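Asks: sequence first, then the predicted structure:
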Amino acid sequence: MFYGCNVSCNQLPTSSNGDWSALIQRFSPHSYSIIYKRKEEGRFLPDFRSRLEVGVSSPKMMKLRVSAVQYHLHTINSFEEFANQVEHYIKTAQEFDADFVLFPEFFTTQLMSIGNEQGQPLTIQELPDFTEQYRSLFINLAKKTKMHIIGGTHVIRKGDRLYNVAHLFYPDGRVAEQAKLHITPTEVKEWNMSPGDGLQVFETEKGTIAMLTCYDIEFPEIVRIAKAKGADVIFCPSCTDDRHGFHRVRYTSHARAIENQVYVVTTGTVGSLPTVDFMRANFGQAAVITPNDIPFPPRGILVEGEINHDMVVTADLDLELLYQVRESGSVTTWRDRRTDLYPDWK
């Protein structure tokens, strides 16, 4: 159902030539006023149509609860220790009835601290050896808790290349991947990481999301594309080692939320891995970021953690509010793009 109207998604036209305007106006005038008010002006909002087609439509489904983990890095001795720590955070989010839980970028580097038989820390080249255990752990936890889990990022190997890949674990056992698209100089020089070559958005029963990792959020073009593809929530796992890096990601997360009128959920690693190169220093804080408009907090922050503390933060996202401000907010930044002057990201 859409906003309480008695029309199912399979009754809606599937062709671009279908009379969407007449049908939605008939069954739900409120929906019509939001979605089709500007169709005649050439400002049709495609994200609404895609949302109808996948059934994300009832008032209940327009809301979702997200948790973000400020993951505490410390030396461990076994994969079991890692698994127990992960399960602790997921059970915490489950106790808050979260629909989604986000882990940080590079949090699986903690596994490198286990070390080898000679007592030396593992190298980044050895981290992909844990991929099957990592996937199995998160698949089982997602199915058990019925939550969508963004398992931070994990380094995987394809051929002779290493990729920093965000993973979405669905409650039904499916797994989706999004490689980091923009690689920092340190990742290239010290870890020989390769960039991903494409952006996807992911449909869930709660809405359409994208996963953009840390440095990715600093590039406005890629977030424009994610929004144009229908994403309403950007999950941004991050790993920064000082205040400078942290604030680059944080400030640009706010900018992307304002520019695209989307939510951004971000978090980072805290703690330290004293034996693992480039993971000794961490400066992190989770936050759930909104556009800056009347329905939202003035600072554009629904919730944020205590900097560098081991904790989980939780907040509710109302997708309906996004659609309202896109149509009739104090500013309508997505609708008012000057596509006659610069590209219309599709």
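Replies: Alright, I've got the coordinates.
Asks: now Val249, what are its backbone angles?
Replies: phi -70, psi -40 (degrees, to the nearest 10).
Asks: got the contact list for the residue lying closest to it once chain neighbours are set aside?
Replies: Closest residue to Val249 apart from its sequence neighbours, by C-beta to C-beta, 6 or more residues apart in numbering: Ser238 at 5.0 Å. Bear in mind the C-beta positions are built from the backbone N, C-alpha and C, glycine included. Contact analysis of Ser238 by C-beta atoms under 8 Å, 6 or more residues apart in numbering lists 104-105, 213-214, 217, 246, 249, 266-269, 284.
Asks: neighbours around Glu221, how many?
Replies: Close neighbours of Glu221, defined as other C-beta atoms under 10 Å, add up to 10.
Asks: rewinding a little: filter the contacts of Ser238 down to the ones in helices?
Replies: Taking DSSP state H, the ones among the contacts of Ser238 that sit in helices are 246, 249.
Asks: so which of the contacts of Ser238 is the closest to Leu122?
Replies: Closest approach between the contacts of Ser238 and Leu122, by C-beta to C-beta: Thr269, at 17.3 Å.
Asks: my guess is the closest one contacts Val69, does it?
Replies: No: using C-beta atoms under 8 Å, Thr269 is not in contact with Val69, being 9.5 Å away.
Asks: which residues do the two both contact?
Replies: In contact with both Thr269 and Val69: Pro104, using C-beta under 8 Å, 6+ apart.
Asks: could you pull out the strands for the stretch 101-250 of the chain?
Replies: 148-158, 161-169, 175-179, 193-194, 202-204, 207-211, 233-237 (DSSP state E, counting those that start in this stretch).
Asks: most packed of those?
Replies: strand 233-237 (a mean of 28; mean count of other C-beta atoms under 10 Å).
Asks: and that strand, how far from the chain's centre?
Replies: 2 Å (C-alpha atoms, centre = their mean, to the nearest Å).
Asks: so which elements touch it?
Replies: strand 100-102, strand 148-158, strand 207-211, helix 243-260, strand 263-267 (3 or more C-beta pairs under 8 Å, 6 or more residues apart in numbering; DSSP states H and E).
Asks: need the contact partners of the fourth one.
Replies: The set of residues external to helix 243-260 that reach it, using C-beta under 8 Å, 6+ apart, is 214-215, 217-218, 220, 223-224, 226-227, 234, 236, 238, 240, 262-264, 266, 268, 283-285, 287, 289-292, 300, 333-334.
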